[in-house]
Every structure is written in C-alpha cells, then in structure tokens.
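[1] whatever this is, show me its structure:
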Amino acid sequence: MKSTGSWPLAATLIVALGVLLLVGFVAAGAGVSSLVQSGLVNRALSAASATAAAARSDLLREQRVRHTRPLSEDLADLASGGTYILVQNPHGAFQVSVGPIPPVMPAAGFLRAPTQGWYTADRSVYAYARTSLPAAGGGFLWLVVVQPHGRLLGFMGALNRILWIVGGILLLALLLALAAVVREVTGPLADLRRLADRVSETPMLADRVPARVSVQEVEALARAFNRMLDRLDQAQQRERRFASDAAHALRTPVQVIQGYAATLGRWGRLDPAVRAEALSAISQTAAGLERLIQRLLELARLEIHTPATEFQRVELGPWMERLRPTWEDVVAHHPLEVAPLSAIWTWTDPELLGVVLAILLENADVYATANSPVRVEVQSTAAGPLLAVVNSAPPIPESVRQHLFERFYRGQPDDASHFGLGLALADRMVEALQAQWKIASPPGRVQFGILLPAAPRTPLPSPPLRD
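    Below you'll find the model as predicted:
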C-alpha cells in the first residue's frame, strides 16, 4: 500500500533534479550575462578614459600654441560623434560644454561620482570619464567626457533573451534526458513491485524481471530478485511433490490397516486365528508406515539442505567390523557375509556412509534369492576404494536400471512392504559423499557399489561442516 502523501520515486527524482538543473542554468546564465555586460561596460569606460586623456592633451597643446584662443573653440574642435565634453570648476560650477547634452546626469553628479562610470538613460548607456585640466592663472578645472553607447543596452537585452532561450532549450533537453535516465533506473523497480504484488496474490508465477543491462546496479537487483523467485518456485515444487508423494505412499498402508480393521471387527471376535492374523498385519503395516514417514521426512530434508558431512580418514576394515552387528539386524532374511580385507583407507564421512550401506543391505535383503547370502565387499582400485553390497538375484533389466533412484519405484510391484524410497535417499547421500555409483548385474549376481574417494597418505584436518 502507498503511504498517504508519498510521491513516486521517478517523480521525486525528476522534480528534485529538475529544480537543481533550473537553479544551475539560471545561475550560469546570470553569470554569463554579468561577465559579458562587465566586459562591454569596461570597454566603454576604457574608451571614455582614452578620449578624456586625448582631449586633455589636445587642449594643453592648443593653449601653449594659442593661449589667447577661447576654451570653447578648442573644445568644439574635439567634440565629434555624439561625444559630450563638459568643463567644471573645482566646486562643480558649469564653465563650458560642447556636443549633445545627455538627457540626465549621474545622480551624484560628475564631481561626487568616481572618476569614471556609466549610467543608463532614454534606452541608452552613457560612459563617462573625468580628468583634471590646468587653468590659466593657476588652479585647475575638471574636464568630463561623456560618450553614448546606444546599441550597448539593446545588445545586452538581446544577449539576455538569447541566454534565456538557449538555456530553456538546453534545460528542456536535459529534463527529457533526465526523465529517460530516471525511467531506465526506476522502470525495473516498478517491475519488481508489480511482480512482487502478483507473486503475493498468485504464488504460481513463471514471470521474471527483465534485466536492464544499461544500469548495472539495477540489473544486479533484478537478477537477485529472479534468483529469489527461482528458489520460491523450487520450494513450492518441493512442497507439492512432498504432498503428492505422501498422499501416494500413505494410501496403500492406510487401506491395508482399514481392511484388516474391518476384518477384525467382523470376524475377529469369533475366530482367534483371524484376530491374531489381523493384529499382526496391522502391527507390521503400522511399523512400515512409521518407516515410510521417516523416509519421506529425510528425503524432504535432503532436498532442501545438502547433508552435513564431516570427512575424515577412515580405515574400512575396523569400521565394517564395528557396524557388523547393526547390519545383521538389517539383513533379517538372509545370511550376512563380510569379506575380509587388508588395510584400505578412504576419505569420507563414516556416519553418512553407514546410513547408505544400511539402505543397500536392506534393499539386498528384499530382492536376494532365497537361502542366498548378502555379502559386503571392498576392493582397492586405481580410482579409490570400491565398497559394494552383493546378493544373488536375476539380472536387473535395463528398463528397471534407468529408474533405480526414482521415488516410489520398486523392481517388484507386488512387494507392499517397501515403498521405493531407500535408493532415492542413498543417491542424495552418495552425492554428498562425493562418491560414484558402480552398479553391475551379471547373471545371478547384483552388485551395488560405491566408488569412494581415496584417502590421502597422511592424515589431514577435517574440513568444516558444509551447509
């Protein structure tokens, strides 16, 4: 849900960056205009100062040559091109002037103002400069030169308009580019939000966020979100498969228990033999049901997490002798044989390997031919130790071998005491042990072998537990 008064990220970024660009352009335009205006005014002031200096030199020269000539005549020869020349006494009183008189004077007057300056009047710029002029009989006079620059004010106005137009165009172009960049950045974020909303409403969703290569950070975020969706899909698939497997596996033992319970209720009170048979069948089925639930939970746990392994250097001979009593309980219907072996070492997790071997022995006890032994053998090969469970049985058909590690697949469909989960569990554990299956089925013999990693010649420290 949107919070009250919140702005979309794209709008916030565009507005904020747009304001920054606008302030920057205004400041830059004002700076450029001020610099150009300052340069033009400085040129006008320099021209006025040069004219004043030249007029002072000409007047001094004329006074030396023709000192009886009136000052007004000398000034008349100097005035040209709209230049206004004014002579004042030290107190500011008017003496004489030539040239067109400006419409106004500086507010402070020429004597109280700086020696040079400028002012505007009647849509024109006037630059002035003041210099001293020796007077006859001693003392001095002020010579003021005022030059109009009618085009300067218009040029500065045109310059300001051009700066505003060009600045506006550049600002608009940058805003459009900014909007495109913001859209490129916020587009995948909006896709993430919409996809997250759809996932929250519809867990089964195959959509993914398209990766935007132009923005690396956003692309990384999109890829991380897609990986999260992949994990969610996998978790949902595991949940659905577990529910389906549980329903499929529990149906048969529940039906068996219901059937024997009905038989017990109908005939068990009258016939002790029927009652004993029904109770025995219910007990066996319940025990198998408990084993089935345990296997289902183990398989689900293995699919979520790789089994924690603690590898160590193990000598197989003593290890097999320690586990032999437990194997005799597993192999309840056939003789158990453990082949003697010399010192053979492997690099493995002994507890996890013991679970795998118990599963293989249980499987061999089910499918071995009557009165034949189930044998545990170890061979030393160039690739490493080969630990195998061997039993006498018809060869495994190729069609069956392709499905050995699938859930609920049984080589003998009429066997209701096993559910086809043992080899699926063993396969995940063999993978965690970094071992390989070596299955052989020559006539009259079935071998489920595990090629274990060879042990290093010197003991190594055990690696940390894997997740």
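
[2] verify the stated contact: Leu279 with Leu264.
    Yes - using Cβ atoms under 8 Å, Leu279 is in contact with Leu264, at 7.0 Å. (Each C-beta comes from the backbone N, C-alpha and C, glycine too.)

[3] compare those two (neighbour count), which wins?
    Leu264 (18 against 14; other Cβ atoms under 10 Å).

[4] the domain parsing of the protein - what is it?
    Using automatic domain parsing, the domain parsing of the chain gives 9-168, 203-304, 312-451.

[5] bridging residues for Ile450?
    Leu387, Trp437 (DSSP bridges).

[6] let me see the contact set for it.
    Contact criterion Cβ atoms under 8 Å, 6 or more residues apart in numbering gives Leu353, Val356, Leu386, Leu387, Ala388, Val430, Leu433, Ala435, Gln436, Trp437, Lys438 as the residues in contact with Ile450.

[7] start and end of stretch 434-454, how far apart?
    11 Å (Cα to Cα, to the nearest Å).

[8] check which residues of that stretch are buried.
    Across stretch 434-454, burial judged by 16 or more other Cβ atoms under 10 Å covers Ala435, Lys438, Ser441, Val446, Gln447, Phe448, Gly449, Ile450, Leu451, Leu452, Pro453, Ala454.

[9] now swap in stretch 129-137 and tell me
    Ala129, Arg130, Thr131, Leu133.

[10] again, but for stretch 346-356
    For stretch 346-356, the neighbour count (16+ other Cβ under 10 Å) marks Thr346, Trp347, Thr348, Asp349, Leu352, Leu353, Gly354, Val356 as buried.

[11] how about the secondary structure of the first one?
    Remark: Thr346 carries the secondary structure label strand [criterion: DSSP: H, G, I helix; E, B strand; the rest coil].

[12] isn't it up against Pro385?
    Yes - judged on Cβ under 8 Å, Thr346 makes contact with Pro385 at a distance of 4.7 Å.

[13] residues that sit against both of the two, list them.
    By Cβ under 8 Å, 6+ apart, the residues touching both Thr346 and Pro385 are Leu316, Leu452, Ala454.

[14] and Ile450, what's its pLDDT?
    Looking at Ile450, its pLDDT reads 92.

[15] how about Pro413?
    44.

[16] following the helix or strand encompassing Leu141, which helix or strand shows up next?
    Per DSSP states H and E: Leu141 is located in strand 140-149. Counting by DSSP H and E, the next helix or strand C-terminal to strand 140-149 is helix 150-201.

[17] okay, the angle between that next one and strand 140-149?
    Per axes from the mean of the first three to the mean of the last three Cα atoms, to 10 degrees, the angle that helix 150-201 makes with strand 140-149 is 50 degrees.

[18] elements contacting helix 150-201?
    If you count contacts as 3 or more Cβ pairs under 8 Å, 6 or more residues apart in numbering; DSSP states H and E, helix 150-201 packs onto helix 9-65, strand 124-134, helix 216-263.

[19] could you dump these into JSON lines with distance to Leu170 and mean pLDDT added?
    Listed next are these as JSON lines, based on distance: least, Cβ to Cβ, whole Å; pLDDT from 0 to 100:
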{"stretch": "helix 9-65", "distance to Leu170": "7", "mean pLDDT": "75"}
{"stretch": "strand 124-134", "distance to Leu170": "29", "mean pLDDT": "85"}
{"stretch": "helix 216-263", "distance to Leu170": "27", "mean pLDDT": "71"}
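
[20] which of the ones you listed has the highest mean neighbour count?
    Among the helices and strands packed on helix 150-201, ranked by average contacts under mean count of other Cβ atoms under 10 Å, first place goes to strand 124-134 (a mean of 20).

[21] what does that one contact?
    Residues outside strand 124-134 that contact it (Cβ under 8 Å, 6+ apart) are 41, 44-45, 47-49, 51-53, 56, 59-60, 87, 102, 106, 110-111, 113, 115-120, 140-150, 152-153.

[22] can you list the strands that it pairs with?
    For strand 124-134, pairing defined by DSSP bridges yields strand 116-121 (antiparallel), strand 140-149 (antiparallel).

[23] please work out which of those is packed deepest.
    Stretch with highest mean neighbour count among the strands paired with strand 124-134: strand 140-149 (a mean of 22; mean count of other Cβ under 10 Å).

[24] between that one and helix 9-65, how many degrees?
    Using the same axes, to 10 degrees: strand 140-149 against helix 9-65 is 130 degrees.

[25] sorry, back to before: among the buried residues of stretch 129-137, which one lies nearest to Arg66?
    Leu133 (16.0 Å; Cβ to Cβ).

[26] and the closest one, how far from Ile169?
    Leu133 is 53 Å from Ile169, where distance means Cβ to Cβ, to the nearest Å.

[27] got it, and Ala455?
    From Ala455 to Ile169 the distance is 77 Å (Cβ to Cβ).

[28] among those two, which residue is more densely surrounded?
    Ala455 (21 against 10).

[29] let's see the pLDDT reported for that one.
    82.

[30] am I right that it is in contact with Gln312?
    No - contact criterion Cβ under 8 Å: Ala455 and Gln312 do not qualify, at 9.1 Å.

[31] what do these two both touch?
    Common neighbours of Ala455 and Gln312 are listed as Trp347 (criterion: Cβ under 8 Å, 6+ apart).

[32] picking that back up, got the buried residues of stretch 129-137 as JSON lines, with distance to Asp329 columns?
    Shown next, in JSON lines, are the buried residues of stretch 129-137 (distance: Cβ to Cβ, whole Å):
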{"residue": "Ala129", "distance to Asp329": "120"}
{"residue": "Arg130", "distance to Asp329": "123"}
{"residue": "Thr131", "distance to Asp329": "125"}
{"residue": "Leu133", "distance to Asp329": "132"}
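
[33] which one of those is nearest Val400?
    Ala129 (113.8 Å).

[34] beta partners of that closest one?
    Here Ala129 sits in beta bridges with Gln116, Val145, going by DSSP bridges.

[35] ok, Pro134 next?
    Phe140.

[36] I'd like the numbering to begin with 351 instead of 1 from here.
    I'll keep to 351 as the first residue from here, and by that count the last item is Pro484.
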